[in-house]
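*Asks:* sharing a model that was predicted from the sequence below.
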Amino acid sequence: VRDRANRSLDPSVVDGNVTLNATQGGGGVFNAGGATLTVIDSRVIGNTTTGTDANGSGAGIYNDLDAVLTVENSIVDGNVIDVRGSLSTSVDGDGGGIFSRGPFTIRDSTISNNIAAGSSALGGGVACRDVTNVIVERSVLRGNRVERNAEIASDLASGGGISLDRCDALSRDSVIDANV
């Protein structure tokens, strides 16, 4: 699903999609800059971004710069980033479930069993970069993980559940546990 305006997925299933050799990501859903996406009573499951020396953040949902995302009463589960860099090429593979460069809210939802991998991967469940409005409310982030690139000895991976890179965030009545 590629959203360039205002879209609502209610109820919907986004399942088993693959983005090959991506330049940004969004294996399941790509919400373009300036667009607004609302995901309600939906499942974003089993999507993949893959490729060598490719960028593939947000295997489940990629929320672009200045886009707005709301996920309510939904499940984001089992999405996998499988991008690999080399010593000469750094690749982005952040936010296995959701990656965001714009404001987002996760409410009454489950983000689980997602995997982020890339050069110094961040946020197996959720990752954001330079976002001023992040809200996680009455939600569960569980069983997500980041994998380091074994081909690069100095590679580090962090933020199994959530990674906030220069993001202003509020988490209320939520559970973030069993992430690696």
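*Replies:* Structure received. Model, not experiment: these values are computed from the prediction.
*Asks:* any idea how far Val140 is from Ile111?
*Replies:* Separation of Ile111 from Val140 (Cβ to Cβ, to the nearest Å): 7 Å. C-beta: built from backbone N, CA, C; applies to glycine.
*Asks:* who has more neighbours out of these two?
*Replies:* Comparing Ile111 with Val140 by other Cβ atoms under 10 Å, the one with more neighbours is Ile111, at 35 against 20.
*Asks:* thought the more buried one was touching Ser74?
*Replies:* No: counting by Cβ atoms under 8 Å, Ile111 does not reach Ser74; the two are 9.2 Å apart.
*Asks:* what about Thr70, distance to Thr52?
*Replies:* 34 Å.
*Asks:* got any ranges where the chain has weak pLDDT?
*Replies:* The chain contains residues with pLDDT under 70 at 22, 53-54, 84-91, 149-156.
*Asks:* if we go to 50?
*Replies:* For the chain, no stretch has pLDDT under 50.
*Asks:* need the residue closest to the centroid of it.
*Replies:* Ile98 (1.9 Å; Cα atoms, centre = their mean).
*Asks:* show me what that one bridges to in the sheet.
*Replies:* Going by DSSP bridges, Ile98 is paired in beta bridges with Ile61, Val126.
*Asks:* and it, what does it touch?
*Replies:* With contacts defined as Cβ atoms under 8 Å, 6 or more residues apart in numbering, Ile98 is in contact with 58, 60-61, 63, 69, 71, 76, 104, 106, 111, 125-127.
*Asks:* what about Thr70 and Thr52, which has more around it?
*Replies:* Thr70 (19 against 12).
*Asks:* doesn't Thr38 make contact with the more buried one?
*Replies:* Yes: here Thr70 reaches Thr38: they are 4.7 Å apart, a contact under Cβ under 8 Å.
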